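Novice: Structure for the following, please:
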Amino acid sequence: MKIIQASGMQTIGPRGGLEKTDWSKAPFLASCKSFHIDVCEALVNARFCQTQGTRWWDQKEFQDLDAFQYRRLSWVCHGYTIYNYCTNRVRFPILPPECKRDRVV
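Specialist: Numbering: from 1, shown residues only. Below is the predicted model:
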């Protein structure tokens, strides 16, 4: 995994660039060792992604949150999210497809 930020990219960051990058701390390097991810790509209009059901997290009880878990997730998101581009209609009048999946907004 590589994370790269060019100096001209400051304004696309969180809160329109209000969270400034401290370039005196550069270079910024991030890496993962022995990283493997088992994923399936969900379509925007799909409620769940298709799976073979071979892993514990593929089972039905893990496909969605129950009402209590959803309320807790919503509380965390509303209390701790600094910036969510899916809610910025002024800056992004045409939202990316992934924003349609953001049910917490």
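Novice: quick one, helices of the protein?
Specialist: If you assign secondary structure with DSSP state H, the helices in the chain sit at 67-80.
Novice: any low-confidence regions in it?
Specialist: Low-confidence regions of the chain, defined by pLDDT under 70, span residues 1-17, 40-51, 102-105.
Novice: Kindly recompute the last result at 80.
Specialist: Segments of the chain classed as low confidence (criterion: pLDDT under 80) are 1-23, 26, 28-32, 36-55, 57-58, 60, 62-64, 97-98, 100-105.
Novice: Do you have the strands of it handy? List them.
Specialist: Taking DSSP state E, the chain contains no strands at all.
Novice: burial measure for Gly80, as a count.
Specialist: Actually, residue 80 is Tyr rather than Gly. Tyr80 has 7 neighbours, counted by other C-beta atoms under 10 Å. Every residue, glycine included, has its C-beta placed from N, CA and C.
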